[in-house]
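Participant: Next input, structure requested:
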Amino acid sequence: MDKAILLQYCSLQAEIKNLKRKMKELEEQIDHIGEVSDTVKGTRQDGTIGNIRVSGYPEPEYYSKKLLLTKRKFKMELLEAELLEMVNQVEEYIQSIPNSELRMIFQLYYMDDLTWPRVALCMNDRFPKKRISYTEDGCRMRHNRYLKKN
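Facilitator: Numbers count the residues shown, from 1 in each chain. Sure, this is the predicted structure:
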């Protein structure tokens, strides 16, 4: 197993987040579809000529957006299944790291989805008596060195 699985895992998480955002926007668009109306000039039912108001519901737009939403939900289910499989692979990769501190750094960054400042903060909380405290750059550099070395 190699570090490519970590990059793929991050990319898949970002893709799922983007798809969720698009689905939410589409649902809001569907909720805001309402009656449309227009005024045209023509002959009324009583035979006089003048302005006539025409109203209706935009069914083609509604159904096309509903279909698109259904497709996105299906794609989301597929991506979530793929993500679940990838989580197991990432956990196996992290568990194969021999150094305990590095395993914790990788776990916090990839599995818990924390930023580097938050990783450093959590590591300092776990090791409060350490002489030199963890910094975001220190954690990131240990991470990068390990990936470059292996």
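Participant: what is the mean pLDDT for the helix or strand encompassing Thr39?
Facilitator: Assigning secondary structure by DSSP states H and E places Thr39 in strand 36-43. In this model, strand 36-43 has a mean pLDDT of 82.
Participant: Show me how the record splits the protein into domains.
Facilitator: 1-35+49-93, 97-150 (automatic domain parsing).
Participant: closest one to Gly42 among these?
Facilitator: Closest to Gly42 of these is domain 1-35+49-93 (Cβ to Cβ; 5.2 Å). Any C-beta I mention is one placed from the backbone N, CA and C, and that applies to glycine too.
Participant: chain center to the closest one: distance?
Facilitator: 10 Å (Cα atoms, centre = their mean, to the nearest Å).
Participant: How about stretch 110-124?
Facilitator: The mean C-alpha position of stretch 110-124 is separated from the chain mean by 19 Å, Cα atoms, centre = their mean.
Participant: With stretch 141-149 instead?
Facilitator: 26 Å.
Participant: now the helices for the chain?
Facilitator: Taking DSSP state H to define them, one finds helices in the chain at 4-31, 59-95, 100-106, 116-126, 136-149.
Participant: Can you add distance to Lys41 and give the domains of the chain back as a markdown table?
Facilitator: A markdown table is the format used below for the domains of the chain (distance: least, Cβ to Cβ, whole Å):
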| stretch | distance to Lys41 |
| --- | --- |
| domain 1-35+49-93 | 6 |
| domain 97-150 | 60 |
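Participant: need the least confident one among the ones you listed, by mean pLDDT.
Facilitator: domain 1-35+49-93 (a mean of 89).
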